[in-house]
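In: the sequence and its predicted three-dimensional model are supplied below.
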Amino acid sequence: MDYHYIATTRKGDMKRGIIEASSKEEVVQNLQAQNLLVISIHAQEKKSKMAPKSVLVRLGLGRVSFVDKVLFARHLSIMIKSGLSLTEALDVIQDQTTSKKMKRIVSDIRKNVTGGKTLADSLAYYPKVFTGVFIGMIQVGEASGTLERNLEYIASELEKDYELRRKIKSAMIYPTIVLIATFILGTGLTIFILPKLVNMFNTFKIELPVITRIFLGFANFLVDYGIFVLIGLVILVVLFRILVKAKVSRPFFHKLYLQIPVVKKLTKNVNLARLSRVLAILLKSGVTINESLAITAGVLSNVHYKRRLDEAISAIQKGQSLASSLTDENYIPKMANKMIAVGEKSGKLEESLFYLADFYEEDVNNATKNLSTIVEPILLIVIGVVLGFLAVAIISPIYQFTGSLQR
């Protein structure tokens, strides 16, 4: 059995990795022998021992929609609360699930639970489907007898996350459609209409304006090399997506997101909202501060926020408070830091974090609502400039043509 672990050195440096062992106790002993302090351990089956269906899920692919995960958590919570056993609840979910991928996963989870594994360990076999927060809260719920309550928390947070993503995507649909339509219209006029007009003008030996010659040259270029341009654009888009996700270049792009004016605030608030909410839920569920920070770091979208939490864990290991360990205005605003400090002193840290989560989530909601309001004027200016130049390129020679006829 392979075990994923998160631990720290005596100096407070974070360590993550995989150890092959027969039990969690053996993993703990191995890590302690290396003078490491264990934060969390999750089991994961070795690929060579996976059942055929599990292989298909990981190759077929392990991606499961937000809706499927929300329904899984919500339905499991309701059924356990109503008195069904865990295996009975999983049976019902497996029968009701319409997604083939999710059905396979639930089937495997049920087999593992029936075989004596905990629900948390069974979920840990699918790290690409269930996040560290999901698994960590299930683990705490099973240990503390609050499984159904923690499942409700998970479902609620997934719903909020899904709604946020949906709003951002919705805000960008209209500008994207308009840009594509403008590009198609402009390209069509340049390739099909402009050359016919130019032929007519050449017949009457009318000298074409500079702007018309530029557009005509662009049209000829697209006619001769359009397919290569299209292939090149596709390759560039694919390469860009690979670069954005690559470990080597990801820090650069994530730093860029924190510097671009419009994107900067949204990126910060999304990460701050998630950080506050997840940390509050984990602490309220009884997870230790270090393990809560380690799990929270795993679900943040920006690598620089992840690193900031890793540094905070090291600082807390050395005796600092949470507020002092997060003192960095580049990532954690003064207001948030003061709220955390007040929460620590009053013994109401979870309440302070929930307040911060609500505050930043509301800010994100307002930002997504205003996103289209901000983008639309910029879009109209860009479209106006492009179509304006194209109109001038077509109308100028026509004007010259009518003028020559009058003379």
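Out: Good, I have the coordinates. Numbering: from 1, shown residues only.
In: nearest residue to Val129 in space, please, no chain neighbours.
Out: Using Cβ to Cβ, 6 or more residues apart in numbering and skipping the chain neighbours, the partner closest in space to Val129 is Val64 (5.0 Å). The C-beta positions use only the backbone N, C-alpha and C, and glycine is treated the same way.
In: is that neighbour in a helix, a strand, or coil?
Out: Of the three states, Val64 takes coil under DSSP: H, G, I helix; E, B strand; the rest coil.
In: and it, how close does it get to Leu379?
Out: 35 Å (Cβ to Cβ, to the nearest Å).
In: so which of these two has more stuff around it?
Out: Val64 (20 against 17; other Cβ atoms under 10 Å).
In: is Leu379 in contact with Val178, as I believe?
Out: Yes - Leu379 is within contact range of Val178, at 6.0 Å (criterion: Cβ atoms under 8 Å).
In: picking that back up, residues in contact with the residue nearest to Val129?
Out: Listed by Cβ atoms under 8 Å, 6 or more residues apart in numbering, the contact partners of Val64 are Ser99, Lys101, Met102, Ile105, Val129.
In: what residues are up against the residue lying closest to the first one once chain neighbours are set aside?
Out: Okay, so that is Ser99. Take Ser99 and drop its neighbours on the chain: the residue closest to it by Cβ to Cβ, 6+ apart is Asp68, 5.2 Å away. Contacts of Asp68 were listed using Cβ under 8 Å, 6+ apart, and they are Thr97, Ser99, Lys101, Met102.
In: quick check: Asp68 is in a strand.
Out: No - going by three-state DSSP, the assignment for Asp68 is helix, not a strand.
In: hang on, Lys128 in a helix?
Out: No - Lys128: not assigned to a helix; according to three-state DSSP it is coil.
In: could you pull out the strands for this protein?
Out: For the chain, the strands defined by DSSP state E cover 2-8, 14-20, 37-44.
In: any idea which of those scores lowest on pLDDT?
Out: Comparing mean pLDDT over the strands of the chain, the weakest stretch is strand 37-44, at a mean of 68.
In: if we can go back for a sec, buried among the contacts of Val64? Need that as a selection in PyMOL.
Out: To isolate the buried ones among the contacts of Val64 in PyMOL, judged by 16 or more other Cβ atoms under 10 Å, type:
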select buried, resi 101+102+105+129
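In: for Glu26, state which of the contacts of Val64 is nearest.
Out: Nearest to Glu26 out of these is Val129 (Cβ to Cβ; 26.4 Å).
In: surely that closest one meets Phe66?
Out: No - here Val129 lies out of contact with Phe66, judged by Cβ under 8 Å, at a distance of 11.0 Å.
In: now Ala284: closest residue in space, sequence neighbours ignored.
Out: No Ala there; residue 284 is Lys. Closest to Lys284 by Cβ to Cβ, 6+ apart is Glu350, at 4.6 Å.
In: that neighbour contacts Gly286, correct?
Out: No - in this structure Glu350 lies outside contact range of Gly286 using Cβ under 8 Å: 10.8 Å.
In: which of those two has more neighbours?
Out: Neighbour count, other Cβ under 10 Å: between Glu350 and Gly286, Glu350 has more, with 16 against 13.
In: what's that one in contact with, if anything?
Out: Contacts of Glu350 by Cβ under 8 Å, 6+ apart are Ala280, Leu283, Lys284, Gly343.
In: now do 6 Å
Out: Residues in contact with Glu350 (Cβ atoms under 6 Å, 6 or more residues apart in numbering) are Ala280, Leu283, Lys284.
In: which of these has the most neighbours?
Out: Going by other Cβ under 10 Å, Ala280 tops those with 23 neighbours.
In: what's the burial count for the closest residue in space to that one that isn't next to it in sequence?
Out: Distances taken as Cβ to Cβ, 6+ apart place Leu353 nearest to Ala280, at 3.5 Å, with adjacent residues excluded. Using other Cβ under 10 Å, Leu353 is surrounded by 25 other residues.
In: how near is Gly232 to Val238?
Out: Distance, Gly232 to Val238, using Cβ to Cβ: 11 Å.
In: one more: Gly141?
Out: Taking Cβ to Cβ, one finds Gly141 at 41 Å from Val238.
In: what do you get for Lys169?
Out: The value you get for Lys169 to Val238, if Cβ to Cβ is used, is 20 Å.
In: try Ile184
Out: For Ile184, the distance to Val238 equals 22 Å [Cβ to Cβ].
In: ok, Asp108 next?
Out: 33 Å.
In: more neighbours, these two?
Out: Of the pair Asp108 and Val238, Asp108 is the one with more neighbours under other Cβ under 10 Å, namely 20 against 10.
In: what pLDDT does the more buried one get?
Out: 93.
In: picking up where we left off before, in helices only, show me the contacts of Asp68.
Out: Lys101, Met102 (DSSP state H).
In: just flag the most distant two among the contacts of Asp68.
Out: So for those, where distance means Cβ to Cβ, the most widely separated pair is Thr97 and Lys101, at 9.2 Å.
In: could you chop the protein up by domain?
Out: 2-44, 66-160 (the TED database).
In: quick one: closest of the ones you listed to Gly319.
Out: Nearest to Gly319, of all these, is domain 2-44, at 9.9 Å by Cβ to Cβ.
In: so for Ala393, what's the pLDDT?
Out: For Ala393, the predicted pLDDT is 82.
In: next: the one 3 residues further on.
Out: With respect to pLDDT, Ser396 scores 81.
In: list the contacts for it?
Out: When contacts are counted by Cβ under 6 Å, 6+ apart, Ser396 touches Pro209.
In: how close does the residue most central in space within the chain get to Leu179?
Out: Of all residues in the chain, the one closest to the mean position by Cα atoms, centre = their mean is Ser301, 5.5 Å from it. Plainly put, Ser301 is 25 Å away from Leu179 if you go by Cβ to Cβ.
In: can you get me a residue count around Asp2?
Out: For Asp2, the count of nearby residues is 15 (other Cβ under 10 Å).
In: touching, it and Ala21? I think so.
Out: No - using Cβ atoms under 6 Å as the test, Asp2 is too far from Ala21 to be in contact (8.3 Å).
In: could you pull up the contacting residues of Met79?
Out: Residues near Met79 by Cβ under 6 Å, 6+ apart: Ala89.
In: helices of the stretch 51-200 of the chain, start to end?
Out: Under the criterion DSSP state H, counting those that start in this stretch, helices of the stretch 51-200 of the chain are mapped to 52-56, 66-81, 86-96, 100-114, 119-123, 132-144, 147-188, 194-203.
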